[in-house]
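Peer 1: this one's sequence-less:
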């Protein structure tokens, strides 16, 4: 199944996974751009991006050596409700960055919030978790 067919599947966990990947990219890039103006939230953005890489990209958990404690932490977010909560907390923290210094960190906060909503919709619709084949997951073939 191709990536285009995965998007046509109307599985909100796939949409949320791609929203997570976009937010990882934005957190890293915009955290670097705003580093001197907002040091604590730039560092928090990088930490969030690091965690999200392992939560959203199954290929990384297979190839990167991590501790069993970190693996159990990441595996605890297999539930869509918990992922929605994780993204919501991250979005709130990034929105708080604007209380110190208004800047570009609004964009990843909005994407994190939209991703949280996608996971929440998937949880309410009771959709099984699917991960894009492009990112090392099983795709929707195993779910449907």
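Peer 2: That came through fine. None of these values were measured; they are calculated from a predicted model. Residues are numbered from 1 along each chain as shown.
Peer 1: Tell me which residues touch the closest residue to residue 70 other than its chain neighbours, please.
Peer 2: In space, and not counting its chain neighbours, residue 70 is closest to residue 54: 7.4 Å by CB to CB, 6 or more residues apart in numbering. Heads up, the C-betas are built off the backbone N, CA and C, glycines and all. By CB atoms under 8 Å, 6 or more residues apart in numbering, residue 54 lies in contact with 60-61, 64, 66, 70, 74.
Peer 1: least trustworthy position among these, going by pLDDT?
Peer 2: Across these, the smallest pLDDT goes to residue 61, namely 68.
Peer 1: so where does the residue lying closest to residue 114 once chain neighbours are set aside fall, helix or strand?
Peer 2: Of all residues beyond its chain neighbours, the one nearest residue 114 is residue 19 (5.8 Å), with distances taken as CB to CB, 6+ apart. Under the criterion of DSSP states H and E, residue 19 resides in helix 12-33.
Peer 1: cool, residue 36 as well?
Peer 2: Secondary structure assignment for residue 36, by DSSP H and E: no helix or strand.
Peer 1: Measure how buried it is and give me the count.
Peer 2: By the criterion of other CB atoms under 10 Å, residue 36 has 8 neighbours.
Peer 1: which residues does it contact?
Peer 2: Residues counted as contacts of residue 36 (CB under 8 Å, 6+ apart): none.
Peer 1: how near is it to residue 42?
Peer 2: If you measure residue 36 against residue 42 using CB to CB, to the nearest Å, the figure is 9 Å.
Peer 1: Check residue 77 too.
Peer 2: Summarising the geometry, the distance separating residue 77 from residue 42, computed by CB to CB, is 24 Å.
Peer 1: any idea which residue sits dead centre in this structure?
Peer 2: Within the chain, the residue whose C-alpha comes closest to the C-alpha centroid is residue 20; the distance, by CA atoms, centre = their mean, is 2.9 Å.
Peer 1: Right, I'll call it a day here.
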